[in-house]
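Asker: Have a look at this prediction, sequence included:
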Amino acid sequence: MSIEHNSFMSLYRFLFSLISLLFAFSVQASDLVIERGWVEDSAGNMTIEEARRATETPLTRELFSQGYSNSVFWIRLRIDPSQLKDKSAENLVVRIRPPYQDRIWIYDPLASRDKVRVTGDYYDWANDEYRSLNLNFIIPVGSEPRDVWLRVKATVSTLTFIEVMTEDQVRAADRLQELATMLYLSVLLICFGWAALTRINNKDKLLSYYLIREAVVIVYALAILGYVRIFTSGWLPAGWLDTFTTLISFFFITVVIWFDWNLISEFKPNRWLARLHISLVLFFPIAAALVLMGKTSEAVRLSSLIVIATISLALISAISTRAWTIARNASPEDQPVCSKTFLVLLYTFAALIALLHRLPIMGMFSGSEHFVYLNLVYPLLTSIVLMVFIQIRTYRLSKYQQQKNLRLEIAEIEVQAERVQRVEQANFLKMLAHEMKTPLSVVRMAVGSASLPPRTHEVVDRAVTDMDSIIERLLQVERLEDEKLLVNHD
């Protein structure tokens, strides 16, 4: 218990430090937007003039979220150039995160009316005005406050963080973001590399499952961070990228369900809960079919329900485990490799992180900028926690295996010693039989040639025969022990 407790507390301190560093790139220079508002376009056919005349809802922060919606949303940004500290700046950048929004159009009064600019994961990264891990538009600074409108169409989630900064500020923010994402991916690669190296010398099944999980986590992170959009630019049709990102997100959820079920199953959960838990993997083919049918919004809504069901069932299943009760009187090596408290804390922690990310996406409550990245925090933290968990598990299994091997070696030594002793006993009996049969033969010959009374001759001859029979039975017993002689029970 003390090993898991100390490891878990040390891990908590490390994870909170890592989260702080991961979110460091969110702290930027002051935004140039002094006022925000939004208008919902349910039909999706509203023009910019109609959006300007429509009644808008104030937006008090950079983060916009209306959960899952099939509507188009118009977001107004009032930009005030007087807020600029660098008066030499000629252009501004509208910086939009996350990078997997489908389509975002910009309407700027200072731009040419016949030039419609659009970005998103339906469009090739090489065509972006300003290329980075995010979605960006370049607009002129201007001299007077003005309203810039963004038209946002999203099938995954409307969760969008928008800010306006100078090009120098954006470049600095992008460098910090790239540093944080490299650190993030490095930690995931360390988890994957550790699992791969450990798997070489340890054929543990759960370790193999963890290795598969981490491979999927890395691909998922590359897609969410925007690297897949960069890597596939120029050769993969941009419209396919959105489908790929959506499917890899669903596949990640499915792999998490499958891994958690295998992990918890080792601790003997309630049978019906376990069956219900693993049945959730049927979500992937259903969701994939919906995406291929063009019903991505329905598939995404289903995924949120599956995520909540998954984390709930995983936690309840962990609470229902009874491996410790079953193995109460078992030997130490047959005891579960961790305490039940550790297992329940692990899934409580995972459930908390998943809910903190999923609820703002679903529009349950308004979050801060940090909520944009919580879909990355969950795979990162669970990868590290599970790595520590499996490391403890692997260490204990290895220790128990070494103890078994030691006992086996001792048993083999004892068997070998007993075998040598039996061989020596057999050789002794053979020698003794030979040494005893020779004098008995001499006695028999002497008795046969001597003139003895018939009664005496008969007694001596019977005694010699009995002794010879005893010697033969001793040799037969030895052959039975060596399995050279079989007993017929007929």
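Answerer: Happy to help now that I have it. Numbers count the residues shown, from 1 in each chain.

Asker: Going by C-alpha atoms from here, please, whenever you check contacts or count neighbours.
Answerer: Will do.

Asker: any low-confidence regions in the stretch 1-150 of the chain?
Answerer: Applying pLDDT under 70 to the stretch 1-150 of the chain flags residues 1-30, 113-114.

Asker: try 50
Answerer: The stretch 1-150 of the chain contains residues with pLDDT under 50 at 1-5, 7-8, 12, 24-29.

Asker: number of nearby residues for residue 54?
Answerer: Counted by other Cα atoms under 10 Å, the residues lying close to residue 54 total 14.

Asker: show me the contacts for it.
Answerer: residue 39 (Cα atoms under 8 Å, 6 or more residues apart in numbering).

Asker: show me where this protein has strands.
Answerer: In the chain, the strands defined using DSSP state E lie at 33-41, 57-58, 63-64, 72-79, 91-97, 103-107, 117-119, 135-140, 146-153, 160-166.

Asker: looking at those strands, which is closest to residue 177?
Answerer: Nearest to residue 177, of all those, is strand 91-97, at 11.5 Å by Cα to Cα.

Asker: hang on, the earlier thing: can you list the strands of the chain in CSV and add distance to residue 345 and mean neighbour count?
Answerer: As requested, these are exported to CSV (distance: least, Cα to Cα, whole Å; neighbours: other Cα atoms under 10 Å):
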stretch, distance to residue 345, mean neighbour count
strand 33-41, 41, 19
strand 57-58, 40, 13
strand 63-64, 31, 22
strand 72-79, 40, 23
strand 91-97, 32, 21
strand 103-107, 40, 20
strand 117-119, 42, 19
strand 135-140, 38, 21
strand 146-153, 39, 21
strand 160-166, 32, 22
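
Asker: can I get these in JSON lines with distance to residue 231?
Answerer: Conversion of the strands of the chain to JSON lines gives the following (distance: least, Cα to Cα, whole Å):
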{"stretch": "strand 33-41", "distance to residue 231": "32"}
{"stretch": "strand 57-58", "distance to residue 231": "38"}
{"stretch": "strand 63-64", "distance to residue 231": "28"}
{"stretch": "strand 72-79", "distance to residue 231": "29"}
{"stretch": "strand 91-97", "distance to residue 231": "18"}
{"stretch": "strand 103-107", "distance to residue 231": "19"}
{"stretch": "strand 117-119", "distance to residue 231": "17"}
{"stretch": "strand 135-140", "distance to residue 231": "15"}
{"stretch": "strand 146-153", "distance to residue 231": "24"}
{"stretch": "strand 160-166", "distance to residue 231": "23"}
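
Asker: Out of the ones you listed, which is closest to residue 204?
Answerer: Of all these, it is strand 91-97 that lies closest to residue 204, at 40.3 Å by Cα to Cα.

Asker: how near is residue 316 to residue 431?
Answerer: From residue 316 over to residue 431 the distance is 72 Å, taken as Cα to Cα, to the nearest Å.

Asker: These two: who's more crowded?
Answerer: residue 316 (19 against 12).

Asker: wait, what's in contact with the more buried one?
Answerer: Counting by Cα under 8 Å, 6+ apart, residue 316 has contacts residue 273.

Asker: do residue 83 as well
Answerer: Counted by Cα under 8 Å, 6+ apart, residue 83 has contacts residue 32.

Asker: hmm, back to that, quick one: closest of the strands of the chain to residue 387.
Answerer: Using Cα to Cα, the strands of the chain put strand 91-97 closest to residue 387, at 29.9 Å.

Asker: Direction included, what does that closest one pair against?
Answerer: Sheet pairing of strand 91-97 (DSSP bridges) gives strand 135-140 (antiparallel), strand 160-166 (antiparallel).

Asker: for the closest residue in space to residue 312 that isn't next to it in sequence, what are its contacts?
Answerer: Nearest residue to residue 312, sequence neighbours excluded (Cα to Cα, 6 or more residues apart in numbering): residue 351, at 7.2 Å. If a contact means Cα under 8 Å, 6+ apart, then residue 351 has 311, 312, 315 as its contacts.

Asker: for residue 259, same thing?
Answerer: By Cα under 8 Å, 6+ apart, the contact list for residue 259 reads 209, 210, 213.

Asker: Just give me the closest of the residues you listed to residue 87.
Answerer: Distances from residue 87 to the contacts of residue 259, taken by Cα to Cα, are shortest for residue 213, at 50.1 Å.

Asker: pretty sure the closest one contacts residue 254?
Answerer: No - contact between residue 213 and residue 254 fails when scored by Cα atoms under 8 Å: they sit 9.9 Å apart.

Asker: The two: which has the busier surroundings?
Answerer: Comparing residue 213 with residue 254 by other Cα under 10 Å, the one with more neighbours is residue 254, at 23 against 20.

Asker: I'd like to know how far the closest residue to that one other than its chain neighbours sits from residue 237.
Answerer: Setting aside the residues directly before and after it, residue 254 is nearest to residue 281 in space (Cα to Cα, 6+ apart), at 5.4 Å. Applying Cα to Cα, the value for residue 281 to residue 237 is 29 Å.

Asker: got it, and residue 439?
Answerer: 103 Å.

Asker: Against residue 103, how distant is the residue lying closest to residue 75 once chain neighbours are set aside?
Answerer: Of all residues not flanking residue 75 in the chain, residue 38 sits nearest, at 4.3 Å (Cα to Cα, 6+ apart). Distance, residue 38 to residue 103, by Cα to Cα: 16 Å.

Asker: Residue 48 now?
Answerer: Relative to residue 103, and taking Cα to Cα, residue 48 is found at 16 Å.

Asker: Wait, residue 313 touches residue 270, no?
Answerer: No - checked against Cα under 8 Å, the pair residue 313 and residue 270 is beyond contact range at 10.8 Å.

Asker: quick one, which of the two is more surrounded?
Answerer: residue 313 (23 against 16).

Asker: Can you get me a residue count around residue 133?
Answerer: Neighbour number of residue 133 under other Cα under 10 Å is 22.

Asker: show me the residues around it that make contact.
Answerer: 99, 174, 225, 226, 227, 230 are the contacts of residue 133 under Cα under 8 Å, 6+ apart.

Asker: Nearest residue to the fifth one in space, please, no chain neighbours.
Answerer: Counting by Cα to Cα, 6+ apart, residue 133 is the residue found nearest to residue 227 once chain neighbours are left out, at 6.8 Å.

Asker: Show me which of residue 281 and residue 237 is the more surrounded one.
Answerer: residue 281 (19 against 13).

Asker: quick one, what contacts the more buried one?
Answerer: Residue 281 touches 254, 257, 258, counting by Cα under 8 Å, 6+ apart.

Asker: I'd like the distance between the closest residue in space to the last one that isn't next to it in sequence and residue 211.
Answerer: What that stands for is residue 258. Nearest non-adjacent residue to residue 258, counting by Cα to Cα, 6+ apart: residue 278, 6.5 Å away. Using Cα to Cα, we find residue 278 at a distance of 19 Å from residue 211.

Asker: What of residue 376?
Answerer: 18 Å.

Asker: what does residue 51 give?
Answerer: On the measure of Cα to Cα, residue 51 and residue 211 end up 50 Å apart.

Asker: Residue 464 now?
Answerer: For residue 464, the distance to residue 211 - Cα to Cα - is 77 Å.

Asker: more crowded one of the two?
Answerer: Using other Cα under 10 Å as the criterion, residue 464 and residue 211 rank with residue 211 on top: 20 against 17.

Asker: Alright, that wraps it up for me.
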